[in-house]
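Novice: A predicted structure for the sequence below; I have some questions about it.
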Amino acid sequence: MAETTKRAAAKQPANEASASKRSVSRPRPTSRKLAGFQTKSLATTEARKALPQLVNEMSAKNEASADLMQDAIDIGPHRKGGAVLLPGVDLAAHVTEVAELRARVEQLEEDLEDAGMALFLQERLATTTGQWLTTEQFLTGIGMEGHIEQLPEG
Amino acid sequence: MSSSRKADADSGATARTYTFEFLPEVQADANRLDRDLRRAIADIVVALHDNPWHGELMDDRWPHNLDGCRKIRFDKPGWKGKPRYRFVYRNEPSDGAVGSMLVLAIGRRDNMIAYAQASGRLTRREVAKRSPGAKTP
């Protein structure tokens, strides 16, 4: 009798709201290392069965974890991974963090570039002969004398 | 026409007058680059005769010798990435009407970053030598 009820429940359309109410025994995920992170791991069939419940749990999360992979579930044949299911809130936070870090690195590189130029000029100005070239001398010296006639008349 | 003479750029309302000077080392910097890049440099020089504020002002941090220095990013025509080269010059005085424009360096951006990193490493090594107990990163 219990078996019949179970089968009947399985035939019902997968409704996310009702899925959380049903007492579907979710397979216990094993643990697997993915890119250095310990993640929960499910086989493809297990994940397919548990998907509504997993999605409900992930949708209910409204605060991002410190680690992107903290609540990730690694899915693949024989629990060997291949695809990863992530809470949207974690992914959104991660994307924002990556963009912020990229901007920060760019700013730091910009600062480093200016610092490098300052040090380079310090050395150059200390050792230069003190002679200066005119625009014509410079352009001729780099093989661009054709540009001299483009200079504004004055 | 000589550019040690004053270069006039007629801006309409007021005529700007300033001199152009290049460190000889800048010519050597440019001659290390290929023809396309040298042409880009010549285009910058022509543009600067019209507008001495063409470059973006650099951040004057220690050792504080970048006051009034500006840089122009450039690369070969058709280069898809971020410009890899810098043309560095200084307007004197740095504010108000420009009296002279001094071209100081042309170089690759990554070389400047490497220069700063190398300089940082040397400084840390010097500090470590002077105080052997101190930790260096």
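Specialist: Yep, it's here.
Novice: from what I see, residue B:63 and residue A:123 are in contact.
Specialist: No - in this structure residue B:63 lies outside contact range of residue A:123 using Cβ atoms under 8 Å: 10.2 Å. C-betas here are computed from N, CA, C, even on glycine.
Novice: got a pLDDT number for residue 51?
Specialist: The chain I'm using is chain A. Listed pLDDT for residue A:51 reads 95.
Novice: meant chain B actually
Specialist: Reported pLDDT for residue B:51: 88.
Novice: before we move on, what about residue A:35?
Specialist: Note for residue A:35: predicted pLDDT of 65.
Novice: show me where chain B has helices.
Specialist: Secondary structure of chain B, counting by DSSP state H: helices at B:24-31, B:35-50, B:109-130.
Novice: what's the last one packed up against?
Specialist: Packed against helix B:109-130 by the contact rule (3 or more Cβ pairs under 8 Å, 6 or more residues apart in numbering or on different chains; DSSP states H and E) you find helix A:88-127, strand B:85-92.
Novice: now the element after the first one, going C-ward?
Specialist: Spelled out, that is helix A:88-127. Later in the chain than helix A:88-127, the nearest helix or strand by DSSP states H and E is helix A:135-141.
Novice: and that following helix, how far from the chain's centre?
Specialist: On the basis of Cα atoms, centre = their mean, to the nearest Å, helix A:135-141 sits 49 Å off its chain's mean C-alpha point.
Novice: next, the buried residues of that helix.
Specialist: By 16 or more other Cβ atoms under 10 Å in any protein chain shown, the buried positions in helix A:135-141 come out as A:135, A:136, A:137, A:138, A:139, A:140, A:141.
Novice: now swap in stretch A:79-96 and tell me
Specialist: Those would be A:79, A:81, A:84, A:85, A:86, A:87, A:89, A:90, A:93, A:94, for stretch A:79-96 by 16+ other Cβ under 10 Å.
Novice: around chain B, which positions in chain A sit nearby?
Specialist: With Cβ under 8 Å from any Cβ of the partner chain as the criterion, chain A meets chain B at residues A:109-122, A:124-125, A:128-129, A:131-139, A:141-144, A:147-148, A:150-154.
Novice: 7 Å - rerun?
Specialist: By Cβ under 7 Å from any Cβ of the partner chain, the residues of chain A that approach chain B are A:109, A:111-122, A:124, A:128-129, A:131-136, A:138-139, A:141-144, A:147, A:150-152, A:154.
Novice: where does residue A:32 fall, phi/psi-wise?
Specialist: Dihedral pair for residue A:32: phi -140, psi 150, per degrees, to the nearest 10.
Novice: quick one: it and residue A:75 touch, right?
Specialist: No - with contact defined as Cβ atoms under 7 Å, residue A:32 and residue A:75 do not form a contacting pair (10.4 Å).
Novice: about what we covered before: dump the helices of chain B into a markdown table; add mean neighbour count as well.
Specialist: Listed next are the helices of chain B as a markdown table, based on neighbours: other Cβ atoms under 10 Å in any protein chain shown:
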| stretch | mean neighbour count |
| --- | --- |
| helix B:24-31 | 19 |
| helix B:35-50 | 19 |
| helix B:109-130 | 14 |
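Novice: in a markdown table, list the ones you listed along with distance to residue B:87.
Specialist: Output for those, formatted as a markdown table (distance: least, Cβ to Cβ, whole Å):
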| stretch | distance to residue B:87 |
| --- | --- |
| helix B:24-31 | 9 |
| helix B:35-50 | 5 |
| helix B:109-130 | 11 |
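Novice: which one of those helices lies closest to residue A:60?
Specialist: Among the helices of chain B, the nearest to residue A:60 by Cβ to Cβ is helix B:109-130 (45.7 Å).
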